[in-house]
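Undergrad: How does the following fold in three dimensions:
(chains A and B)
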Amino acid sequence: MTERPSHEKPTEHIAPHTDIAIVGAGFAGIGLAVRLQRAGRTDFAVFERATSVGGTWRDNTYPGVACDIPAHLYSLSFQTNPDWARVFATGDEIRDYLERVADEVRPRIRLCTPVLDMTWDESRGLWSVDTSDGMHTARVLVLACGRLADPYIPDIDGLASFAGEMFHSARWDHRVDLRGARVAVVGSGASAVQLVPRVAEVASEVTVFQRSAPYVMPRVDRAYTDAERGLFAKDPEEIERLRSQLFWAAEEGFAERAGDQTRTAAARLRALEHLRTSISEPRLRRLLTPDYEIGCKRVLISNDYYPAFERPGVHLVPSPVVAVRGNAADGSTRVVGGDASEHEVDVLIFATGFAASRQPYATQVLGRDETLAEHWSGGMRAYASTAVAGFPQMFVLDGPNAGLGHNSAVHMIESQIDFVMRALEEDGPLEVCAEAEQQWTDWVDAQAEDTVWTTGGCESWYVDPRNGRLTLLWPGFAHTFRSALHDASMSLARSNRSTSPSHGPRQHGG
Amino acid sequence: MSEIVLIPGFGGEADFEFLAPMLAREHSVEVVDLLTPLSTHRDTVVIGYSIGAAAAAAHAALDPVGGLVLICGWVAPTPRLREWALHAEDETFARHTMVGPESDREPLVQSGLLAALDTSPNVNPGDIACPTLVVGAAFDLVATVHQSRLLHGGIPGSRYAEVPTGHAALLERPAEILSLISAFLRQSAAVPPGMPAARPRASRP
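TA: Below is the predicted model of the structure:
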């Protein structure tokens, strides 16, 4: 067990208490808060470390930030929005949307209040939540900390000596003027694909360091007409119909990831055709051709990423950055690629993703006899992606195997919110046993076996590098996640009412 | 893990292009054609689409099976269905009338449907004893949703679900139909017959 901060002194003074404490005010935290309040459960508090709500959509303000899932689907089913301007929403639009959703629960959100430690108090059957604003207790703790919350910056030799401006794409420094600048973008994932075309419009030079090439599909986007938006506003059923159509069409995409070689091949050919028609220069096309199966890493959608490389001054380096070297003679610094090429740049932008498989918040949670990070030392795991053995009355949203490669993350969050809402209806203590968690994890691991995430021959953030387990993604359909969590919550409820010590998960074999 | 037999409609194997590999991730799946005599066990689940649903229903009425799924099927070919098949020799007409109003997908169109319809068996739904899922399509101008509702009415152990598609339901909403079938396979033992089919919802009010 790691050494804990010494806040566990007897709290004889009365710490503020709520029935439920929610950590994080992104899609998951706000969504749960609204559902709780509408169900009449108003005794909760939401702790948010930042100055505003919105989670990943608050953090990511880089030029070009937008969502890859259609906006009507990438929103909460109980708070739809008739006003989405286009099929795909921009980051600004989603942030504004989340601000509006949060208005309903705003008095219960504590902004600028980082949570330092969360400790299970066995004797009192409560969670002690140590915040920057003092101690707080709660019967139930919900971790809604997100999965893309903490930027990951690779360990690069000499990085501290870099003389220019540098920042991560999720911490964009809007004071830095990129006009005429020589910019290096490290990474070629979802953020890079969106920001590179925008940066290329203003910078004098852009050098993209690509560890591995992404598959990029065309972005089939369009503006909604006034008539469509008017209809969405006048007849909310129309939004329901559209959501249903978008959802089930997206579900078909899972077949490209598992069990259907024909669809996988068809998807690969579509993406490669997009590359072929976008890039004419053979060497560049070769460098932009992925060397793994489609879907293994996140499939991106963009119409302007490939064309950006045809602009003068935009270069692709087919390797990561390995070093930053100062030049004593002229005081400049150079960025060195894995191909030994050296590039003098003014601005270094890391589009290198997030600490995903080892969530930093896990070190701050102390359950019955270990920290969550210790419990997850073999990779993240939870019963029904949501409840963790040894961590009573605690739920994790957006945690183990709750992400998707083919459909809306918001649908997944709502499936977990449903699970939490049903679990909260139980009177007794809520805890899953280790055996139930193990059975669930074994089942998920088995489901992952024939998917492209484990067989596709790539290195992705979906897979925990410590043991090769797929821990970030749900290896199935979004609708299966919902029905599996529904059945899991029922079995949790049943075993809670019976004397059985085991909360065995129901197998979803069909 | 169930043993599943899929009986396609006039589209042949292409009708189950999505369902067959997805069901095969968890079950033993065989796609047959309309001409092959069916061989099933007491626990085989038979899934039929369109005229394949008519064949599946007729088979289940004679030879007990473990479960039955009837997608866009019919109790008997109606005069309306025959008339549609007659006009379906016009491919444009057939394509436009096979899909629902929200779909931009292009169904395969076959010729000779009218003659094939003569092979469609009549079935007495009351003779079907196994748990059955009937899936109707709200905008089905070919078989009509009413025929699916009649199947549901006549089969004692039937559950019913509807998808917002034309007759080409497996082309327009294959994943939704997969979810209905998965729920049926999982819950057929647990849910009393006559109740609406359980369906995972894409959205909640």
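Undergrad: so what's the residue most central in space within chain B up against?
TA: Residue closest to the average C-alpha location in chain B (CA atoms, centre = their mean): residue B:71, at 1.8 Å. For residue B:71, the contact set (CB atoms under 8 Å, 6 or more residues apart in numbering or on different chains) comprises B:47, B:48, B:49, B:50, B:53, B:135, B:169, B:170, B:177. No exception for glycine: its C-beta is placed from N, CA and C like everyone else's.
Undergrad: could you pick out which of those are near chain A?
TA: Applying CB under 8 Å from any CB of the partner chain to these, one finds that nothing falls near chain A.
Undergrad: Look up phi and psi at the closest residue to residue A:187 other than its chain neighbours.
TA: Using CB to CB, 6 or more residues apart in numbering or on different chains and skipping residues adjacent in sequence, the residue nearest residue A:187 is residue A:351, 3.8 Å away. Residue A:351 adopts backbone torsions of phi -110, psi 60, taken as degrees, to the nearest 10.
Undergrad: go on, the one 10 residues further on?
TA: Reported as degrees, to the nearest 10, the phi and psi values for residue A:361 are phi -60, psi -20.
Undergrad: residues near the residue nearest to residue A:187, how many?
TA: 23 (other CB atoms under 10 Å in any protein chain shown).
Undergrad: Would you mind measuring from it to residue A:344?
TA: 20 Å (CB to CB, to the nearest Å).
Undergrad: send the alpha carbons of stretch A:309-325 over as PDB?
TA: Provided in PDB are the C-alpha atoms of stretch A:309-325 (Å, rounded to 0.1, in the frame of the first residue of the first chain):
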ATOM      1  CA  PHE A 309       0.300  18.100 -46.900                       C
ATOM      2  CA  GLU A 310       0.100  19.400 -50.400                       C
ATOM      3  CA  ARG A 311       0.600  23.000 -49.100                       C
ATOM      4  CA  PRO A 312       4.100  24.500 -49.400                       C
ATOM      5  CA  GLY A 313       5.900  24.400 -46.100                       C
ATOM      6  CA  VAL A 314       4.000  21.400 -44.700                       C
ATOM      7  CA  HIS A 315       6.200  18.400 -44.100                       C
ATOM      8  CA  LEU A 316       5.700  14.900 -42.800                       C
ATOM      9  CA  VAL A 317       8.400  13.200 -40.700                       C
ATOM     10  CA  PRO A 318       7.600   9.500 -40.500                       C
ATOM     11  CA  SER A 319       8.900   9.000 -37.000                       C
ATOM     12  CA  PRO A 320       8.500  10.400 -33.400                       C
ATOM     13  CA  VAL A 321      10.500  13.200 -31.900                       C
ATOM     14  CA  VAL A 322      13.500  11.600 -30.200                       C
ATOM     15  CA  ALA A 323      15.400  14.600 -28.900                       C
ATOM     16  CA  VAL A 324      15.600  18.400 -28.600                       C
ATOM     17  CA  ARG A 325      19.100  19.900 -29.100                       C
END
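Undergrad: Okay, and the beta partners of the residue nearest to the centre of chain B?
TA: Using DSSP bridges, the bridge partners assigned to residue B:71 are residue B:49, residue B:135.
Undergrad: what's the neighbour count on the residue nearest to residue A:90 when sequence neighbours are not counted?
TA: In space, and not counting its chain neighbours, residue A:90 is closest to residue A:66: 4.8 Å by CB to CB, 6+ apart. Burial of residue A:66 is recorded as 19 neighbouring residues (other CB under 10 Å).
Undergrad: mind listing what residue A:66 touches?
TA: Contacts of residue A:66 by CB under 8 Å, 6+ apart are A:88, A:89, A:90, A:91, A:194.
Undergrad: Endpoints of stretch A:252-271, how far apart?
TA: 17 Å (CA to CA, to the nearest Å).
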